[in-house]
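Trainee: could you work out the structure for the sequence below:
(one chain, ligands or ions: 2)
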Amino acid sequence: MNILVTGGCGFIGTNFIFLMKKRHPDWTIINLDKLTYAGNRLNLIDLEKDPGYHFVHGDICDQETVLSTLEEFKIEAVVNFAAESHVDRSINDPSPFISTNIRGAQNMMECARRAGITRFVHVSTDEVYGTLSMDEPAFTEKTPLAPNSPYSASKASADFFARAYFETYNFPICITRCSNNYGPYQFPEKLIPLMFTKATSNEKLPVYGDGLNVRDWIYVDDHCTGVELTLLNGTPGNAYNFGGASEVSNIDLVRRLLKILGRDESLITFVKDRPGHDRRYAMNFDFAAKELGFKPEYSFEEGLSKTIEWYQTNDDWLEKVRSGTYLDFMDKWYGERK
Ligand code: NAD
Ligand code: DAU
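Mentor: Ligands and ions are numbered 1, 2, ... in the order given. The predicted model follows:
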């Protein structure tokens with residue numbers, strides 16, 4: 001199978017490509033990525049020697065690039081990971097989120113429809129469902145969409161386009177909605193790598209509000225397996241929820257991390273809350289379990305230890321990302337980046 005993966009130089013895309021190459025060595029994977037601040041071509045640089053992997057530097061908003069990539073590589077299936085993904089950045093400036101997450105996603109659907117692509121997985125998020133109180137049942141695929149941040153509003157908008165493309169054009173698209181991922185290669189603006197980086201440098205750990213917001217954590221490979229199952233066996237028109245069955249409050253998570261690292265809790269500092277901060281996410285993934293055989297393999301304890309070990313043994317990756325030198329390396333090939 002020839003697959004186009006967008007956003008493959010980001011956190012989940014990188015893990016997805018590595019895992020698919022391991023599980024399906026016969027697949028040819030084309031990675032189309034704009035290389036924003038979150039995209040790191042170095043992650044997959046060793047794969048560039050593999051004739052079954054190709055990197056294309058491009059923007060999912062650019063119709064010409066997407067159409068020519070679909071044609072040149074005779075693409076049969078598309079997995080759209082590319083997005084602006086950080087909630088705090090969306091609060092600071094929603095515009096790039098509208099461009100990539102709405103216009104870019106719609107452009108991917110339109111180009112794939114024109115090219116006659118027969119499988120398209122659009123990667124969305126649990127955040128489109130909004131927020132839960134502590135005693136409400138977990139989100140199901142039937143929960144109405146009620147996004148609260150510019151990020152989740154942009155993702156929900158793309159979900160509506162996916163629905164419209166299925167209903168209007170019978171376009172074979174599935175949506176995946178997953179909870180908070182963690183694992184190797186996650187950009188250190190997100191909670192776990194941020195707290196790891198700060199704790200190991202003896203810096204204060206900024207916990208928003210009262211720290212009692214709850215997220216359902218899933219190890220990244222389990223999410224990638226969900227996307228793979230959707231790609232192989234998903235029914236067009238369906239959305240599938242994935243979660244890790246691991247609800248943890250932020251303060252509890254930060255304390256566990258400090259304990260594993262042997263650092264003192266006095267590093268924790270409570271800071272002003274994120275505006276519109278969703279209180280709790282929880283995923284009911286019974287539908288994906290029944291239809292696709294999905295089951296998360298990693299407990300939070302296992303996944304967290306594995307993740308910490310990865311960051312400890314790959315401090316050069318973190319250092320390059322923190323100092324921005326991975327961008328200098330890209331600049332040599334692409335000139336000044338905006
Ligand atoms: P990320 O920010 O780490 O990576 C995003 C990637 O997309 C980067 O490589 C970036 O260069 C690329 N990109 C951005 N704009 C682009 C454009 N216009 N054209 C081409 N490439 C572009 O994100 P992530 O955490 O890996 O998330 C991947 C997807 O999964 C996103 O769609 C996100 O909404 C979704 N998701 C993430 C999580 C999570 O916990 N991280 C959970 C559920 C769903
Ligand atoms: O739920 C899935 C979503 O998870 C994805 O769709 C998003 O792309 C991804 O970024 C993530 O969103 P969150 O906002 O939940 O993740 P983040 O790591 O930014 O924050 C996790 C929780 O930690 C959240 O309640 C806010 C809190 N937090 C975050 C940061 C960065 C802090 O308390 N302090 C911090 O410094």
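
Trainee: any idea how far the residue of the chain positioned farthest from its centre is from ligand 1?
Mentor: Using Cα atoms, centre = their mean, the residue of the chain lying farthest from its centre is S266. It sits 31.4 Å away. Look at S266 and ligand 1: by Cβ to the nearest ligand atom, to the nearest Å, they are 29 Å apart. (Each C-beta comes from the backbone N, C-alpha and C, glycine too.)

Trainee: and L4, by the same measure?
Mentor: Counting by Cβ to the nearest ligand atom, the gap from L4 to ligand 1 is 11 Å.

Trainee: A helix includes that residue, no?
Mentor: No. Counting by DSSP: H, G, I helix; E, B strand; the rest coil, L4 falls outside a helix, being strand.

Trainee: got the residues of the stretch 101-250 of the chain near ligand 2?
Mentor: 125-127, 179-180, 190-191, 194, 206-208, 213, 215, 250 (Cβ under 6 Å from any ligand atom).

Trainee: could you list which of these belong to helices?
Mentor: L191, L194, N250 (DSSP state H).

Trainee: compare those residues and tell me which has the most neighbours.
Mentor: L191 (20 neighbours; other Cβ atoms under 10 Å).

Trainee: just checking, it touches S249?
Mentor: No. Counting by Cβ atoms under 8 Å, L191 stays clear of S249, with 11.5 Å between them.

Trainee: picking that back up, ok, and which of the residues of the stretch 101-250 of the chain next to ligand 2 reach ligand 1?
Mentor: Okay, of these touching ligand 1 (Cβ under 6 Å from any ligand atom), that's T125, N180.

Trainee: just the buried residues out of the residues of the stretch 101-250 of the chain next to ligand 2, in PyMOL syntax.
Mentor: PyMOL command restricting these to the buried ones, with burial defined by 16 or more other Cβ atoms under 10 Å:
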select buried, resi 125+126+127+179+180+190+191+194+207+213+215+250
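
Trainee: quick one, what contacts the residue of the stretch 151-300 of the chain found nearest ligand 1?
Mentor: Nearest residue of the stretch 151-300 of the chain to ligand 1 (Cβ to the nearest ligand atom) works out as N181 at 3.6 Å. If you count contacts by Cβ atoms under 8 Å, 6 or more residues apart in numbering, N181 has them with F11, I12, W217, I218, Y219, V220, H223.

Trainee: those residues also near ligand 1: which ones?
Mentor: Among the contacts of N181, proximity to ligand 1 is found for F11, I12 (Cβ under 6 Å from any ligand atom).

Trainee: now the closest residue to ligand 1 within the stretch 1-150 of the chain: how far from T36?
Mentor: Going by Cβ to the nearest ligand atom, ligand 1 is nearest to G10 of the stretch 1-150 of the chain, at 1.9 Å. Going from G10 to T36 by Cβ to Cβ, to the nearest Å gives 8 Å.

Trainee: who's more crowded, the two?
Mentor: Using other Cβ under 10 Å as the criterion, G10 and T36 rank with G10 on top: 24 against 18.

Trainee: part of a strand, is K74?
Mentor: No. K74 is assigned coil when assessed by three-state DSSP, not a strand.

Trainee: tally of neighbours for D222?
Mentor: With other Cβ under 10 Å as criterion, D222 counts 21.

Trainee: ok, it - contacts?
Mentor: So D222 contacts F242, G244, P296, E297, Y298 (Cβ under 8 Å, 6+ apart).

Trainee: if you set the cut-off to 10 Å instead, what comes out?
Mentor: Each residue near D222 by Cβ atoms under 10 Å, 6 or more residues apart in numbering is listed here: 178, 181, 183, 242-245, 294-298, 303.

Trainee: in helices, which of those residues fall?
Mentor: Filtering the contacts of D222 for helices - DSSP H - leaves G303.

Trainee: buried ones among the contacts of D222?
Mentor: For the contacts of D222, buried by 16+ other Cβ under 10 Å: C178, N181, G183, F242, G243, G244, A245, F294, P296, Y298, G303.

Trainee: so which of the ones in helices among the residues of the stretch 101-250 of the chain next to ligand 2 is the closest to ligand 2?
Mentor: When these are compared against ligand 2 (criterion: Cβ to the nearest ligand atom), the nearest one is L191, at 3.5 Å.

Trainee: what pLDDT does that closest one get?
Mentor: Note for L191: predicted pLDDT of 97.

Trainee: tell me who's in contact with it.
Mentor: L191 neighbours (Cβ under 10 Å, 6+ apart): N180, Y182, L205, V207, Y208, R215, W217, N250, L253, V254, L257.

Trainee: in strands only, show me those residues.
Mentor: N180, Y182, L205, V207, Y208, R215, W217 (DSSP state E).

Trainee: across the sheet, point out what pairs with the first one.
Mentor: Using DSSP bridges, the beta-bridge partners of N180 come out as W217.

Trainee: touching, it and D126? I think so.
Mentor: Yes. Using Cβ atoms under 10 Å, N180 is in contact with D126, at 8.0 Å.

Trainee: picking up where we left off before, would a markdown table of the ones in helices among the residues of the stretch 101-250 of the chain next to ligand 2 with distance to R119 be doable?
Mentor: Output for those, formatted as a markdown table (distance: Cβ to Cβ, whole Å):
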| residue | distance to R119 |
| --- | --- |
| L191 | 33 |
| L194 | 35 |
| N250 | 37 |
